[in-house]
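In: Provide a 3D model corresponding to the input given below.
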Amino acid sequence: MRDIWGGVAEELDLWAREKRVAQFWWRDDDAHNVSEQLKRMLAIARRFDVTVGLSVIPAKVQPRLAAALTRAREADILVHGFAHENHARAGQAKREFGGERRLQQCLDDLARGLDLMRSAFGERVLPV
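Out: Residues are numbered from 1 along each chain as shown. Presented below is the predicted three-dimensional model:
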């Protein structure tokens with residue numbers, strides 16, 4: 001089996017020899033509930049004292065996720081759309097905003113999503 005991380009490790013070693021520091025953006029996309037993968041991700045983040053971004057779908061967020069993340073200071077909570085539904089016109093790439101929907105519908109969903117997220121997570125929400 002090929003080591004898929006070998007190239008990354010080699011590059012990071014090269015950077016270290018040159019006294020350079022790599023910066024990463026680590027995020028979980030489409031979060032809405034607690035999963036084993038999310039628990040593992042948060043544990044790794046705690047172990048290495050790094051912050052992960054959790055892109056949470058407002059219309060699908062479960063109370064269990066909100067409760068778990070109140071204790072997870074290693075996670076930044078990001079607004080990820082509204083309901084994660086495709087509204088693209090025929091022939092367009094998938095998209096939640098735009099497509100077949102009017103601008104006001106999109107703006108209303110964005111405002112509702114931010115309200116839902118702030119209700120669940122308070123001021124920890126980053127309106128991204």
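In: phi, psi of the residue nearest to the spatial centre of the chain?
Out: Nearest to the mean C-alpha position of the chain, counting by Cα atoms, centre = their mean, stands residue 55 at 2.1 Å. Main-chain dihedrals, residue 55, degrees, to the nearest 10: phi -80, psi 100.
In: that one reaches residue 26, doesn't it?
Out: No. Counting by Cβ atoms under 8 Å, residue 55 does not reach residue 26; the two are 11.3 Å apart. No exception for glycine: its C-beta is placed from N, CA and C like everyone else's.
In: now do the SS call for residue 30.
Out: Following DSSP: H, G, I helix; E, B strand; the rest coil, the label given to residue 30 is strand.
In: hmm, back to that, what's the closest non-adjacent residue to the residue nearest to the centre of the chain?
Out: Excluding the flanking residues, the one nearest residue 55 by Cβ to Cβ, 6 or more residues apart in numbering is residue 80, at 3.7 Å.
In: need the contact list for that neighbour.
Out: 29-31, 55-58 (Cβ atoms under 8 Å, 6 or more residues apart in numbering).
In: what's the ChimeraX line that selects buried ones from those residues?
Out: The buried subset of the contacts of residue 80, as determined by 16 or more other Cβ atoms under 10 Å, is captured in ChimeraX by this line:
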select :31,55,56,57,58
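In: quick check: next helix or strand after the helix or strand of the chain with the lowest mean pLDDT?
Out: Lowest on mean pLDDT, DSSP states H and E among the helices and strands of the chain sits strand 27-31, with a mean of 83. Using DSSP states H and E, the helix or strand that follows strand 27-31 in sequence is helix 36-48.
In: how far does that following helix sit from its chain's centre?
Out: 14 Å (Cα atoms, centre = their mean, to the nearest Å).
In: just checking, what packs against that helix?
Out: Helix 36-48 sits against strand 27-31, strand 52-56, with contacts defined as 3 or more Cβ pairs under 8 Å, 6 or more residues apart in numbering; DSSP states H and E.
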